[in-house]
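Enquirer: With the sequence up front, the predicted model follows.
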Amino acid sequence: MPSTHQWKVCFRSSSAGFFQVCDQDLVKLFRPRELKDVLVGKDFNDWARLKQVTVYAGEYTTPLHPTIQMFWEVFDDLTEDQKKAFLRFVTGFERVPILDLEKFKMTIRDPEVQGPPDQFYPNAHTCSSDLELPLYSTKEIMQTRLTEALSSNKIIFKEAGTEL
């Protein structure tokens, strides 16, 4: 177990590196929680807002499209952890940047697929927060494909050593 002296040396080194990147006077303006939100992002759980700011493209020109309505029903049935996994699936992050919270949106579009849509999984483009959602024939198939995609994504992040 490291001694108190070793901890102090480690802390001094870490804080010195931190303050090379972040201005010390500016950091003092924040409370610890505010600083955390600025540096690592803000927890997101305003799922109603996500629905409001979602944009639809391709076949899905409106939130009234039957596949989109089915999607939001499936989404509403997800657990909070699955919803955060979904956010990570679509954006690459489980948190959203505090300053970009107002700009955050997702686009759902139908992919061009060769064959029956039911055999395909949803696909995400994290750079643009786009979700390609096949035109599934039933809610059950959509739920299965979406939860499997989220589970596979979690395994990928875990294997890469970046699971939160």
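Expert: Right, received. Where do you want to start?

Enquirer: pLDDT weak spots in this structure?
Expert: Where the chain drops to pLDDT under 70, the residues are 1, 37-41, 97-103, 153-164.

Enquirer: And the strands in it?
Expert: 42-43, 55-57, 95-96, 107-109, 123-125, 130-132 (DSSP state E).

Enquirer: wait, which of those is closest to residue 21?
Expert: strand 95-96 (19.2 Å; Cβ to Cβ). Bear in mind the C-beta positions are built from the backbone N, C-alpha and C, glycine included.

Enquirer: Strand partners (parallel or antiparallel) of that closest one?
Expert: strand 42-43 (antiparallel) (DSSP bridges).

Enquirer: Please state the offset of the strand it pairs with from the chain centre?
Expert: Relative to its parent chain, strand 42-43 has a centroid offset of 11 Å by Cα atoms, centre = their mean, to the nearest Å.

Enquirer: Output the strands of the chain in CSV; the columns should cover distance to residue 152 and mean neighbour count.
Expert: Shown next, in CSV, are the strands of the chain (distance: least, Cβ to Cβ, whole Å; neighbours: other Cβ atoms under 10 Å):
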stretch, distance to residue 152, mean neighbour count
strand 42-43, 24, 14
strand 55-57, 24, 14
strand 95-96, 21, 17
strand 107-109, 19, 19
strand 123-125, 11, 16
strand 130-132, 15, 20
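
Enquirer: Which one of the ones you listed lies nearest to residue 14?
Expert: Proximity to residue 14, assessed across the strands of the chain by Cβ to Cβ, is greatest for strand 95-96 (21.7 Å).

Enquirer: From the chain's centroid, how far away is that closest one?
Expert: 7 Å.

Enquirer: what's the answer for stretch 122-129, then?
Expert: Chain-centre distance of stretch 122-129: 10 Å, with Cα atoms, centre = their mean.
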